[in-house]
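[1] Let me see the structure of the following:
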Amino acid sequence: MSYIHPGKAFLARYGVLQREEDIYQYVDFLRRESGVGDEPPIDLHVIFQHFGIPIPVRVPLDEQQGILLDSSTGIILIKEDDSIVRQRFTEGHELMELLFDAVSEARQTSALPSWSEAHKERLCDQGAADLLMPRSTFIPRLYEMGISMKTARSLSEIYQTSLMATLVQMIRQGSGNFALVVWRYALKPSELKKTNQSEEKLRIWWRLQTSDWTGGYIPRDKSISEESMVWRTYDSGQPNSGRELVDLGWGMIDCDVEAISIHIGDTICVLSLLHFR
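    Sure thing, here's the model as predicted:
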C-alpha cells in the first residue's frame, strides 16, 4: 500500500487540532481506520501497514529513543538497544509526532494554537499511552484490580508496556488518593552554581497525582530522610513497602508506600507509589 500520512488524513477529515483532548480522537482514528481494535496487546505494525508506513528501523541512537526522520515517507528510527516495551512506546510516540507534523504544516496557512516543544512531547507521550493502553479496556481492568505495584506489573504484561508507562497511565486514568513519585540523588537547582561544596541528597525528580489526591502539594527537589523506606530502597536496591509518615516540607502525610529501585537512563532512581490515608 502506498504511504498515507496519518496526521494529514486525520486533519483532512476532522479539521484543525485545537484542544489537547483532540489527541485522543486521533488515537481513536488510528485504531479504527486500521481495524486494530482495543484488546491488548495493541499491534502497532497493523497501523503501520494500513497507512503504508515503513516498519520503524532499529538503529544505534545516543540521546533519543526515536526520530521521525522523514514525515513525507513515514520513515521512523528507533533506538535498537532499548527494551521491546520501550521500543513499542517510542513507536506510538512517533505516530503522534506525525500528527504534530501535519499541524505544523497547517499552521503556516492558518491561526492554529501552538504548543511548546516540551508540551508537545508530553502530549505525544500521552497519546502513545492511550494508543497502547486503550481506556476502554484498561480502565475496567484497573478498577477491578486496584492501583498498586502488583497491578502495574500485571497490566504491563497484558499490554506489553513498561512498568513506568503503565503506572503513569494508572495514575492518569485511575481514582483514589494516589501519587507516583520518582526520586534521584541530586543537588537542588539553586545549589548547582554555588562555589562551596553542597551535599547531594535523595530528592523528588518527578511526580504525578490522581485527580482525587488530597495529600497536598508535592514539591519537586524535596529531599527525604535516610530513615524512610524510599531511602532504604535506594541504598539497598531492594523493594520496600509499608505505612509511614512522609515529609513534604510543609508537613507530614500518612501514606502507604511501595518503593522499588529502577534505572532511568544511567540514573539510579526510586519509583514510589504513595497512597494517602
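[2] which stretches of this protein form strands?
    Secondary structure of the chain (DSSP state E): strands at 57-59, 66-70, 75-79, 178-186, 201-209, 240-247, 252-264, 267-276.
[3] would TSV of the ones you listed with mean neighbour count and distance to residue 33 be doable?
    (C-beta placed from N, C-alpha, C; glycine too.) Output for the strands of the chain, formatted as TSV (neighbours: other CB atoms under 10 Å; distance: least, CB to CB, whole Å):
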stretch	mean neighbour count	distance to residue 33
strand 57-59	12	23
strand 66-70	17	19
strand 75-79	20	18
strand 178-186	21	33
strand 201-209	18	31
strand 240-247	15	43
strand 252-264	17	34
strand 267-276	21	36
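[4] Now that we have those strands, can you turn them into TSV and tack on mean pLDDT and distance to residue 41?
    As requested, the strands of the chain are exported to TSV (pLDDT from 0 to 100; distance: least, CB to CB, whole Å):
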stretch	mean pLDDT	distance to residue 41
strand 57-59	97	19
strand 66-70	96	19
strand 75-79	97	17
strand 178-186	96	23
strand 201-209	95	24
strand 240-247	96	28
strand 252-264	95	22
strand 267-276	97	23
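[5] want to try CSV for those strands, with distance to residue 50 as columns?
    As requested, the strands of the chain are exported to CSV (distance: least, CB to CB, whole Å):
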stretch, distance to residue 50
strand 57-59, 19
strand 66-70, 18
strand 75-79, 15
strand 178-186, 34
strand 201-209, 33
strand 240-247, 44
strand 252-264, 33
strand 267-276, 35
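[6] of all those strands, which lies closest to residue 43?
    Set against residue 43 and scored by CB to CB, the strands of the chain come closest in strand 75-79, at 15.9 Å.
[7] that older thread, of all the strands of the chain, which one comes closest to residue 152?
    strand 267-276 (8.0 Å).
[8] any idea of the angle that closest one forms with strand 240-247?
    Comparing the axes of strand 267-276 and strand 240-247 via axes from the mean of the first three to the mean of the last three CA atoms, to 10 degrees yields an angle of 80 degrees.
[9] Report the angle between strand 267-276 and strand 201-209.
    Put simply, strand 267-276 runs at 50 degrees to strand 201-209, going by the same axes, to 10 degrees.
[10] Pull up the pairing partners for strand 267-276, direction included.
    Sheet pairing of strand 267-276 (DSSP bridges) gives strand 178-186 (antiparallel), strand 252-264 (antiparallel).
[11] surely residue 55 meets residue 47?
    No: counting by CB atoms under 8 Å, residue 55 does not reach residue 47; the two are 11.0 Å apart.
[12] and the nearest residue to residue 175 once chain neighbours are set aside, how many neighbours?
    Of all residues not flanking residue 175 in the chain, residue 212 sits nearest, at 5.3 Å (CB to CB, 6 or more residues apart in numbering). Other residues within reach of residue 212, judged by other CB atoms under 10 Å, total 11.
[13] Read off the pLDDT value for residue 212.
    At residue 212, the model reports a pLDDT of 96.
[14] What distance do you get for it to residue 220?
    Distance, residue 212 to residue 220, by CB to CB, to the nearest Å: 21 Å.
[15] again with residue 186
    11 Å.
[16] same deal with residue 83?
    For residue 83 relative to residue 220 (CB to CB), the value is 27 Å.
[17] between these two, who's got more neighbours?
    Counted by other CB under 10 Å, residue 83 and residue 220 do not tie: residue 220 has more neighbours, with 13 against 10.
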